[in-house]
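Undergrad: have a look at this fold, sequence not included:
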């Protein structure tokens with residue numbers, strides 16, 4: 001989460017820049033809540049400059065972003081997308097640094113592919129939720145990159161205040177990753193650092209398959 005325009009954001013930007021100068025980065029991912037507190041109100045909103053372009057002006061890298069609840073102005077309902085979040089997608093055509101071509105998409109970096117979700121399900125119809133899950137599941141399965149990472153704003157599992165996914169989000173995420181080999185899920189929202197390891201939703205099927213292979217090998 002970022003986009004406050006306050007000194008802490010500039011300090012983080014300096015840290016990114018310093019790390020890039022030492023180690024070399026390919027890109028920066030921002031996983032939602034791109035502009036606080038209520039996103040932007042138009043494509044010409046000055047917050048695109050004060051809370052993104054200005055803080056990161058010394059970082060000569062592409063930024064890949066996705067939508068968080070604050071980018072919808074914390075308003076629930078399908079109309080919130082067209083009233084608020086759509087401007088951030090359209091800004092993709094204005095800025096050389098800001099990359100968010102669609103509500104959900106993927107980006108290939110080296111031998112990795114990152115699948116960027118819109119996890120604000122309360123701002124979608126059931127058919128929109130289903131379409132996103134099917135589309136991203138297909139893209140993940142089709143990817144030829146050896147390392148695949150899923151990115152969203154909301155927490156699937158977390159020890160922070162927002163905690164684990166509710167029933168709707170749990171069902172959505174399981175549909176997205178079904179039959180895939182996603183390495184990790186990266187997210188924001190909880191403003192805390194977690195590294196959580198859980199069984200993959202398909203692990204039960206994989207275990208049975210491995211058992212059969214082992215028995216065949218022993219014979």
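TA: Happy to help now that I have it. Here the structure is a predicted model, which is why all the values come from computation and not from measurement. Numbering: from 1, shown residues only.
Undergrad: what residues are up against residue 86?
TA: Going by Cβ atoms under 8 Å, 6 or more residues apart in numbering, residue 86 touches no other residue. Heads up, the C-betas are built off the backbone N, CA and C, glycines and all.
Undergrad: now the helix or strand hosting it: mean pLDDT?
TA: Here residue 86 sits within helix 86-90, counting by DSSP states H and E. Per-region confidence: helix 86-90 scores 98 on mean pLDDT.
Undergrad: chain center to that helix: distance?
TA: On the basis of Cα atoms, centre = their mean, to the nearest Å, helix 86-90 sits 16 Å off its chain's mean C-alpha point.
Undergrad: can you give me the helices in this protein?
TA: 7-23, 47-48, 79-80, 86-90, 126-142, 167-177, 203-218 (DSSP state H).
Undergrad: correct me, but residue 67 touches residue 103?
TA: Yes: counting by Cβ atoms under 8 Å, residue 67 does reach residue 103; the two are 6.9 Å apart.
Undergrad: the more surrounded of those two?
TA: residue 67 (29 against 20; other Cβ atoms under 10 Å).
Undergrad: contacts only, for that one.
TA: 32, 34, 85, 88, 100, 103, 118, 120, 153.
Undergrad: change it to 6 Å
TA: 32, 85, 118 (Cβ atoms under 6 Å, 6 or more residues apart in numbering).
Undergrad: swap in residue 146?
TA: residue 111.
Undergrad: how does it look with 10 Å?
TA: 111, 112, 113, 181, 183 (Cβ atoms under 10 Å, 6 or more residues apart in numbering).
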